[in-house]
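In: sequence plus predicted model, see below.
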Amino acid sequence: MQIKQLGHVVLKVRDLAVSVPFYRDVLGLREVARYGGNMVFFSLGENHHDLALLEVGAHAPAPSTDSVGLYHVAFKVGDSLDELRALRDHLTRHGVPVLGMSDHAVSQSLYIRDPDGIEIELYVDADPSVWRDNPRAVATIRRLDLDRA
């Protein structure tokens, strides 16, 4: 057996009325379907769905930083630092705080949290030769300053 690609991710959220506008209107994912009153599916355009949200209720506990489970979900937003700068400005206009910015050598990233505290990485890819020539470069984490880069 060989896995061909990652198919989709399903995230548990407290309230679809809060989370759907974040993923649809702020992050720009396209809503494609709903199931019952507790599940919404989004597509990035190439797959029937790439992300689904499952409502679990207002009293669900927040994600814990020291438990087993999902660390973050990453979405590619382009291939240039200019696109990453524009995204940072877009997030600021929507009141979404940027928690951090990292240069991973193979990519450059912004980190945010969704309304339920799930960490989201938004990144642009560097030249693919960086990781093809040196696969260990994927383990790089440096501070990224978009105003100086």
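Out: Alright, I've got the coordinates.

In: measure how far the lowest-mean-pLDDT helix or strand in the chain is from the centre of its chain, please.
Out: The helix or strand of the chain with the poorest confidence is helix 129-133; it has a mean of 91 (mean pLDDT, DSSP states H and E). Distance of helix 129-133 from its chain centroid, counting by CA atoms, centre = their mean, to the nearest Å, is 23 Å.

In: over to stretch 67-83?
Out: Taking the mean of its C-alpha atoms, stretch 67-83 sits 4 Å from the chain's own mean (CA atoms, centre = their mean).

In: so which residues make contact with it?
Out: Stretch 67-83 is contacted by residues 9, 11, 27, 44, 51, 63, 84, 87, 108-109, 111, 118-125, 146, 149 when judged by CB atoms under 8 Å, 6 or more residues apart in numbering. Where C-beta positions appear, they are placed from N, C-alpha and C, glycine not excepted.

In: is the closest residue to P115 other than its chain neighbours in a helix, a strand, or coil?
Out: The shortest distance from P115 to any non-neighbouring residue, by CB to CB, 6 or more residues apart in numbering, is to V18 (4.8 Å). What DSSP: H, G, I helix; E, B strand; the rest coil gives for V18 is helix.

In: ok, back up a step: from the contacts of stretch 67-83, keep the buried residues only.
Out: Buried members of the contacts of stretch 67-83, counted by 16 or more other CB atoms under 10 Å: 11, 27, 51, 63, 84, 87, 108-109, 111, 118-125, 146.

In: tell me the buried residues in the least confident helix or strand of the chain?
Out: Buried, per 16+ other CB under 10 Å, within helix 129-133: V130, W131.

In: with stretch 43-60 instead?
Out: Within stretch 43-60, the residues scored as buried using 16+ other CB under 10 Å are S43, H49, D50, L51, A52, L53, E55.

In: pretty sure the second one belongs to a helix, no?
Out: Yep, that's H49 we're talking about. No: H49 is assigned coil when assessed by three-state DSSP, not a helix.

In: what about it? Give its phi and psi, please.
Out: phi -160, psi 140 (degrees, to the nearest 10).

In: find the nearest non-adjacent residue to it, please.
Out: Closest to H49 by CB to CB, 6+ apart is F41, at 4.1 Å.

In: the one you found: what secondary structure?
Out: strand.

In: show the contacting residues for the closest residue to A33 other than its chain neighbours.
Out: Distance criterion CB to CB, 6+ apart; nearest residue to A33, sequence neighbours excluded, is F41 at 4.4 Å. By CB under 8 Å, 6+ apart, F41 lies in contact with E31, V32, A33, R34, Y35, H48, H49, L51, A52.
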